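Participant: Just to be clear, the model below is a prediction. Sequence and coordinates:
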Amino acid sequence: MHIKKLTLYSFRSYLNESIELSPKVNIFVGDNGAGKTNILESIYSLASTKSYKNKDEDMILEGKDFFKISSEIEFENRIDTLLFIMSRQGKKVFKNNVEIKKISEFVGNLNVVLFSPEDLFLLKAGPSERRKLIDLSLMQISF
Ligand SMILES: Nc1ncnc2c1ncn2[C@@H]1O[C@H](COP(=O)(O)OP(=O)(O)O)[C@@H](O)[C@H]1O
Ligand SMILES: [Mg+2]
């Protein structure tokens, strides 16, 4: 599975931007504040419908009412489109243009493991924090 195309609309610093991703390794290069981490966060939030940093509403571009993250996810034999829309009123998720009413049924369509500098605390934190990370990762592959 890989993300073929990612489109961000009113998400953090991105007003309307599309990127095509390689099935191999993708490296984002840019100055501080250019928006590299925002891309990674958008992928994490498409997978989990949550920010990994702060309040979910903070992901909406300042001054806008909602954001949209749309994507084409390529599998061996098909392409799925996943769409996550969040406004200050709530969240909506769509798979192949059909709304999935239960967010928990949407999570699992895109499997993501995020490792960020903040996670270095895991080395110092106790075993329960480490277990939480492992649970979150394994939850995505157990049906
Ligand atoms: N909700 C938001 N609305 C508008 N801009 C935002 C929002 N959240 C973050 N930003 C902007 O995104 C930029 C940081 O992007 P980031 O992805 O962290 O950069 P980096 O390339 O250093 O990882 C900052 O300029 C910040 O002001
Ligand atoms: Mg960064």
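Facilitator: Perfect, I can see it now. The shown structure was predicted, so the numbers you read here are calculated from the model rather than taken from an experiment. Numbers count the residues shown, from 1 in each chain. Ligands and ions are numbered 1, 2, ... in the order given.
Participant: Which single residue of the chain ends up nearest ligand 2?
Facilitator: When scored by CB to the ion, the chain has residue 37 as its residue closest to ligand 2, at 3.2 Å. From N, CA and C alone the C-beta is placed, and that goes for glycine too.
Participant: residues making contact with the host helix or strand of that residue?
Facilitator: Per DSSP states H and E, residue 37 falls inside helix 36-48. By CB atoms under 8 Å, 6 or more residues apart in numbering, the surrounding residues in contact with helix 36-48 are 3, 6, 8, 11-14, 19, 28-30, 50-53, 56, 59, 69, 71, 82, 84, 107, 109-112, 114, 116, 140.
Participant: Same question for it: list its buried residues.
Facilitator: For helix 36-48, burial by neighbour count (16 or more other CB atoms under 10 Å) applies to 37, 38, 39, 40, 41, 42, 43, 44, 45, 46, 47, 48.
Participant: neighbours around residue 77, how many?
Facilitator: Counted with other CB atoms under 10 Å, residues neighbouring residue 77 total 5.
Participant: Check residue 72 too.
Facilitator: There are 16 residues near residue 72, going by other CB under 10 Å.
Participant: could you point out which element follows the helix or strand containing it?
Facilitator: Assigned by DSSP H and E, residue 72 falls within strand 66-74. Next along the chain after strand 66-74, taking DSSP H and E as the criterion, comes strand 79-87.
Participant: related to what we said a few turns ago, list the helices and strands the strand holding residue 72 packs on?
Facilitator: strand 2-11, helix 36-48, strand 79-87 (3 or more CB pairs under 8 Å, 6 or more residues apart in numbering; DSSP states H and E).
Participant: what about 10 Å?
Facilitator: strand 2-11, strand 14-20, helix 36-48, strand 79-87, strand 90-95 (3 or more CB pairs under 10 Å, 6 or more residues apart in numbering; DSSP states H and E).
Participant: quick one: the longest one to strand 79-87, angle?
Facilitator: Going back to what we said before, that points to helix 36-48. 100 degrees (axes from the mean of the first three to the mean of the last three CA atoms, to 10 degrees).
Participant: Between strand 14-20 and helix 36-48, find me the angle.
Facilitator: 80 degrees.
Participant: can you tell me the average pLDDT over helix 36-48?
Facilitator: For helix 36-48, the mean pLDDT works out to 97.
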